[in-house]
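Below are the sequence and a predicted model; questions follow.
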Amino acid sequence: MSNEQPATRVVSASKVEMTEIVFPTDANPLGNVMGGRIMQWLDICAAVCAGRHARTPVVTASVDKIDFLNPVPVGGVVVLLASLNFTGRTSMEVGVKVWQEDRLTGTRKPVASAYLTFVSLDPQARVPRAVPQVVPETVEEKRRFDAAKGRRDYRLKTRGLG
């Protein structure tokens, strides 16, 4: 069995859907899920996605922004969908959308969204490790890839690296 990484991997190979129920310990005094709990779930869901793509341990490098759109009450069902948008040499951008799912109808309304960047690490040396390049296949995946490339260029430029 080889430890060689493939040169490329398609977006669909690493998609993640994660479901949570909002419990009282997740809530603020108004009875809705705390933003910090949503942030934790976003990070976990995105890390699983990035790890599936890289097939290595990954660490969160940055979060561009999180937009909170609607509250979710205690007892609500939260669904997180993560998809790999772009890969650099050792980094990956993951987009996560968060939805509240109605238990009776299955309809979903948006709760939050975010872009997170992860770095792949060599499991032994714990230094950055190259990742397979992502191959967008659908029109939507290609749109996300192009948009993510622009965000990456902007991040590098504003950090003095681009």
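Now that the structure is in, tell me what you want to look at.

Contacts only, for Val33.
By Cβ atoms under 8 Å, 6 or more residues apart in numbering, the residues touching Val33 are Val22, Asp26, Ala27, Pro71, Val72, Pro73, Val74, Gly76, Val78. In short, each C-beta sits where N, CA and C put it, glycine included.

wait, which of these is closest to Thr107?
Gly76 (12.8 Å; Cβ to Cβ).

Work out for me the element the residue nearest in space to the middle of the chain sits within.
Nearest to the geometric centre of the chain sits Ala46, at 2.9 Å (Cα atoms, centre = their mean). Applying DSSP states H and E as the criterion places Ala46 in helix 35-54.

count of neighbours near the residue lying closest to Met34 once chain neighbours are set aside?
What sits nearest to Met34 in space, not counting adjacent residues and going by Cβ to Cβ, 6 or more residues apart in numbering, is Asn28, at 4.9 Å. Applying other Cβ atoms under 10 Å, we find 13 residues neighbouring Asn28.

what's the answer for Gly106, then?
By other Cβ under 10 Å, the residues close to Gly106 number 8.

how far away is it from Val79?
10 Å (Cβ to Cβ, to the nearest Å).

Repeat that for Ala50.
19 Å.

Please say which of those two ends up with more neighbours.
Legend: neighbour count by other Cβ under 10 Å for Ala50 and Val79, higher for Ala50 (30 against 16).

Wait, that one touches Thr90, no?
No. Between Ala50 and Thr90 there is no contact under Cβ atoms under 8 Å: 11.1 Å.

so what's in contact with those two at the same time?
Jointly contacting Ala50 and Thr90 under the rule Cβ under 8 Å, 6+ apart are Ser120.

Cheers, nothing more for now.
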